[in-house]
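> Test case, fold it:
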Amino acid sequence: MTGVLSMFLFKGYLNCYEENAEHKENKKKTVDVEKYNTESEKSAPHPSNLLQEEAVSILFIKSDLRLVVNLQDCVKAQQNTAYANKVKLSNLKEMAKTVAYIQEHGYDTRDSLEDSFSEIKNHASTSRKDLKSVEDNLRKVNEQIHYTGQYFANKPVYQKFVKAKNKGQFRQEHPTEIALYEAARKFLKEQSADGKLPSMRLLKSEKEKLLQQKKDAQKTYHYYRDYQKELNTVCSNVDKILGQTHTRQPGKQKSTDIS
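Predicted structure coming up:
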């Protein structure tokens, strides 16, 4: 196992263990704790073809790693010794898991961990945009299917209206059918580049393709979203173990060993 970072994390983990063994809570605050509870799964799905061309350095398999709780901000822990001890024990377990995670994935510096987080965050953002694009295309095809069906359903009545001698009276007798036909015709003309009606068969075929693309895009987005959440948990736990507050800056800084 490599790692200057993992060595300092281990020292920080030991220091936290010693502090928890020697001291009990001595401060009380009025801020409620937000307990982060991520359900563990067997494994996350592989990314779909939408983003397979983009390099991912680590195959993500979802773990049960959780955030380390800040005892100073936990009102219940400040008021209940038994609960505080329970949180301390849970924190120690999560710290140990975090150290093991850092070692397993070969992170040597805090910046290398942050770089991985930024990379996966970008993938998550891109996959979310891809998903939204597919959903927009699917919505447009559904609209075309709806108005094409509406057009053909009311076309017979409209043809009778065109041939009617008294069009005013005919319109009064069939206002809904004529209005629906004219609205559908207007929409389809605006959507058509060549003035031709879309084929219902082709539209439904396109819808099936988009539904599959949406399914793949959702898998990809959920994959990177969960990966981002996990790395964010790791980053937060590392900061708590080292007793540091890490502010994420837009620009990259030179990577240095954490001491």
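
> Leaving out the residues flanking it, which one is nearest to residue 167?
Excluding the flanking residues, the one nearest residue 167 by CB to CB, 6 or more residues apart in numbering is residue 161, at 6.4 Å. The way it works is simple: take the backbone N, C-alpha and C, and place the C-beta from them, glycine included.

> Figure out the helix or strand that the one you found lives in.
Here residue 161 sits within helix 110-163, counting by DSSP states H and E.

> After that helix, which helix or strand is next?
Defined by DSSP H and E, the subsequent element after helix 110-163 is helix 167-173.

> re the thing from before, helices or strands up against the helix holding residue 161?
Helices and strands touching helix 110-163, by 3 or more CB pairs under 8 Å, 6 or more residues apart in numbering; DSSP states H and E, are helix 4-22, helix 167-173, helix 175-191, helix 200-242.

> so who does residue 162 touch?
Contacts for residue 162 (CB atoms under 8 Å, 6 or more residues apart in numbering) come out as none.

> The residue nearest to residue 154 when sequence neighbours are not counted: neighbour count?
The shortest distance from residue 154 to any non-neighbouring residue, by CB to CB, 6+ apart, is to residue 181 (3.8 Å). Counted with other CB atoms under 10 Å, the neighbours of residue 181 add up to 22.

> One more: residue 244?
Residues near residue 244, counting by other CB under 10 Å, number 12.

> now it, what's its secondary structure?
For residue 244, the secondary-structure state derived from DSSP: H, G, I helix; E, B strand; the rest coil is coil.

> just checking, residue 84 touches residue 78?
Yes - applying CB atoms under 8 Å as the test, residue 84 and residue 78 come out as touching, 7.3 Å apart.

> How about the contacts made by the residue nearest to residue 167?
Neighbour list for residue 161: 167, 170, 171, 174, 178 [criterion: CB under 8 Å, 6+ apart].

> gap between residue 115 and residue 60?
According to CB to CB, to the nearest Å, residue 115 and residue 60 sit 16 Å apart.

> So between the two, which is more surrounded?
Neighbours per residue, other CB under 10 Å: of residue 115 and residue 60, the larger number sits with residue 60, 19 against 15.

> okay, the residue nearest to residue 154: pLDDT?
Residue 181 is assigned a pLDDT of 97 by the prediction.

> Surely it is in contact with residue 149?
No - contact between residue 181 and residue 149 fails when scored by CB under 8 Å: they sit 11.6 Å apart.
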